[in-house]
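K.L.:
The sequence isn't on hand, but the structure is:
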């Protein structure tokens, strides 16, 4: 059944993207680990980590595209779910440090010793087990999204209002995680990680494996999102996006559909955050800043809202641009990013992938079966 | 009638208190002769020195202060053989008791020695002696010190000082100090102690509560009960003042929120445009103030007190012009697509921030306060800065001005017409694109004016606007979109609630609680506190 779905359930664009992503997931680590450094095809480790970071961003963009592109929920707080997943992973990694910390305390992380805490707070229990941490990575963002969505969608908070309160949500979390007595390392966050599942996080092999995992997560996310949007449920989501009241009058429970897709999306974002943290080596409250979440929105907008593949393309393209700009013309990055926001909304409302599909469709003069449904307000 | 009786009783108590103190005064008068004490200094023993200091300090002798100060400075010297006690001055040696210069000082003069016990006695004695200081500030300070120490030995000096005191402020401090001593004096007589409790109650601060509560366990029940009642009364009044202070500070914070949000109430509330660059309009206003002050500093320093008045119209023009360009250049293509507008204006905000950072640098810029805005004043138990007060006044003035523009001018009429029914307004001959640009410019211009005020209380940096954007949206959404009065009530409510939460939860947690409260509130009332009713809701 799964094989059938992969063959027939996915449209050509997603299939192509899957092939490319899986190829990268194999080729980049292989070239990093197997080829000598002198080889022109050798990918240095820092690039592997950088691409791995892009991949986790791509998953975040994918999660956002699922709710914004297909259900019309513009979340300006998706970074919060990403960061929560990251914190769950960070807590696991902190517990793995053990006695190798600066203060050498076998149980308490350094910052707790520094703050004169005597014992581990209850919410840190269990995070020394990888499986428990992984469950939390998915569960914590999921529960937050479920509770938030339950309240918000039930009382029919929509459009701009919803965007603004999601922003308030991530802002409130930002302020909360800045507090030292929250027990999450305050301003500095969690860092100084040593190893993950017994492997050194700095080692080339671990980094390559994390990269491959990130790419696999992109692929999985793509399949999951495609499965959702191509199912009957996905059609209802699009209906909600395009005419919420009408869908409700027909008899669908709009709030339930929205809560479902919002929760799934938040869990996906949490997973992305969990893979992000061991690769960049730190998680701190700035990940909650509203600006980060809005930046994720622009990745989706650039790539093409409601195209799934577009979210991946957009995340990688914009972040590659950011890396390039901050290296060459650091002061111009914000100009470029700001300009991107303006130009994309004004001139490229369908994003790269959407515009390309349209152009190809026009050239063929026959509408391809996989034409993206035009996002409408 | 009843009140009169009570007043009479109170006077009677006071008189009794004076009467009971009289024997002590008599004792003071008798102790003017300090020769016995002076003899003790010559004994060269610490315990005699301590006793001598006590006697001198409580003697009320005119030279007492000079003698004690001399011991402190190590200038008091004695000669055992001739029983001379003298003070060494810059010019020579004077007799300690009389102050007359000694023509032939004895050869064996040695300084009076001090150990820790002597020094502590010295400090207490000096404290009670400065009660007689000619400087009122010194006397006040000394009275407070006695009030806190409740040193029984200082009672006589306090009585003497009180009799001479003419300045009201110092006098009441003396009275409080005497009351504190009398209250704790076991042999003072019950009525005197009750009167003392009444005096302490009138003082009414946290120290008075501590004094009233600190009575030893063997105190008569009547005194203890009265003291407890007085302490409770003081605490009640203190709690009331704390509430008043929270309310006043809350209104002050609310007025800041109002200033930041009021422009948004026009662009978002009335026009429905999500302007994420609103904070940057505020920031531009603040930088305009900075530039105006720089120009004034270099060219016309005399005009500095007018700098804010000059900056206000300029800030309005700068931010308003940027707003008009933004509306004509970007936003008008996005009408009816609020989420796209949100993204595009966010992009604009990034560009504006980076522009300002490139021109003025990333650091905070110094914006000075004109003389009429610096300093503070006291209102009851509350301290308030003039700057804060002016911002409250200014915020209300801007609010009233805006209401008048919208309700009483032809331009305001057109703005309301266009936002309520664009097609109809257009049919009536209103140039709707022009009015759109004008309205948006007005909202942004007011944000610029807010920036002038906020430059006085916040750091002027490129990030200034970002810290206000979320708060502003919260205020507008909470108050109800499309309703200026809602914005006023919303801003003041959030300000006051925030300040009342702060003592319990701390500043950051208080803010988080407010945010969570708003998130929940929007669930209940998605259209805010004062929602529009009728057809306007449908659009």
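P.N.:
All right, it came through fine. If you're wondering where the values come from, they're calculated on a predicted model, not measured in any experiment. Numbers count the residues shown, from 1 in each chain, chains lettered A, B, ... in the order given.

K.L.:
In this structure residue A:75 contacts residue A:65, no?
P.N.:
No - contact between residue A:75 and residue A:65 fails when scored by CB atoms under 8 Å: they sit 10.8 Å apart. Any C-beta I mention is one placed from the backbone N, CA and C, and that applies to glycine too.

K.L.:
what about the residue of the stretch 251-400 of chain B found nearest chain A, how many neighbours?
P.N.:
Using CB to the nearest CB, the single residue of the stretch 251-400 of chain B nearest to chain A is residue B:347, 2.4 Å away. For residue B:347, the neighbour count with other CB atoms under 10 Å in any protein chain shown is 27.

K.L.:
the helices in the stretch 1-150 of chain B, which residues?
P.N.:
B:2-30, B:35-41, B:46-59, B:64-73, B:116-129, B:136-149 (DSSP state H, counting those that start in this stretch).

K.L.:
go on, the stretch 201-350 of chain B?
P.N.:
B:206-213, B:221-264, B:278-299, B:307-329, B:338-360.

K.L.:
For the first one, which outside residues touch it?
P.N.:
Outside of helix B:206-213, the residues that reach it under the criterion CB atoms under 8 Å, 6 or more residues apart in numbering or on different chains are B:147-148, B:150, B:176, B:180, B:183-184, B:197, B:200-201, B:227-228, B:230-231, B:234-235, B:238.

K.L.:
cool, and stretch A:14-28?
P.N.:
The contact list for stretch A:14-28 (CB under 8 Å, 6+ apart) reads A:10, A:43, A:48, A:51, A:208, A:211-212, A:215-216, A:218-219, A:222-223, A:226, A:308-309, A:312.

K.L.:
residues contacting residue B:403?
P.N.:
residue B:484.

K.L.:
What strand or helix carries it?
P.N.:
helix B:386-408 (DSSP states H and E).

K.L.:
That helix: which residues count as buried?
P.N.:
By 16 or more other CB atoms under 10 Å in any protein chain shown, the buried positions in helix B:386-408 come out as B:386-392, B:394-395, B:398-399, B:402, B:406.

K.L.:
can you list the residues of the stretch 51-200 of chain A near chain B?
P.N.:
A:74, A:151-152, A:154-157, A:159-161, A:163-165, A:167-169, A:171-172, A:175-176, A:178-179 (CB under 8 Å from any CB of the partner chain).

K.L.:
Please pick the buried ones from the contacts of helix B:206-213.
P.N.:
Going by neighbour count (16+ other CB under 10 Å), the contacts of helix B:206-213 have B:147, B:150, B:176, B:180, B:183-184, B:197, B:200-201, B:227, B:230-231, B:234, B:238 buried.

K.L.:
closest to chain A among these?
P.N.:
Taking the buried ones among the contacts of helix B:206-213 together and measuring to chain A by CB to the nearest CB, the closest member is residue B:238, at 28.2 Å.

K.L.:
The strand or helix carrying residue A:294 to helix B:338-360, inter-axis angle?
P.N.:
Assigned by DSSP H and E, residue A:294 belongs to helix A:290-303. Calculated by axes from the mean of the first three to the mean of the last three CA atoms, to 10 degrees, helix A:290-303 forms an angle of 120 degrees with helix B:338-360.

K.L.:
Please pull up the helix or strand immediately following helix A:290-303.
P.N.:
Per DSSP H and E, the helix or strand that comes after helix A:290-303 is helix A:309-328.

K.L.:
which helices and strands sit right next to the helix or strand following that next one?
P.N.:
Following helix A:309-328 in sequence order, the next helix or strand is helix A:333-347 (DSSP H and E). Counting contacts by 3 or more CB pairs under 8 Å, 6 or more residues apart in numbering or on different chains; DSSP states H and E, helix A:333-347 packs against helix A:290-303, helix A:309-328, helix B:338-360.

K.L.:
Any chance of a markdown table for the ones you listed, columns mean pLDDT and distance to residue B:248?
P.N.:
Below are the helices and strands packed on helix A:333-347 laid out as a markdown table (pLDDT from 0 to 100; distance: least, CB to CB, whole Å):
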| stretch | mean pLDDT | distance to residue B:248 |
| --- | --- | --- |
| helix A:290-303 | 92 | 31 |
| helix A:309-328 | 92 | 47 |
| helix B:338-360 | 91 | 33 |
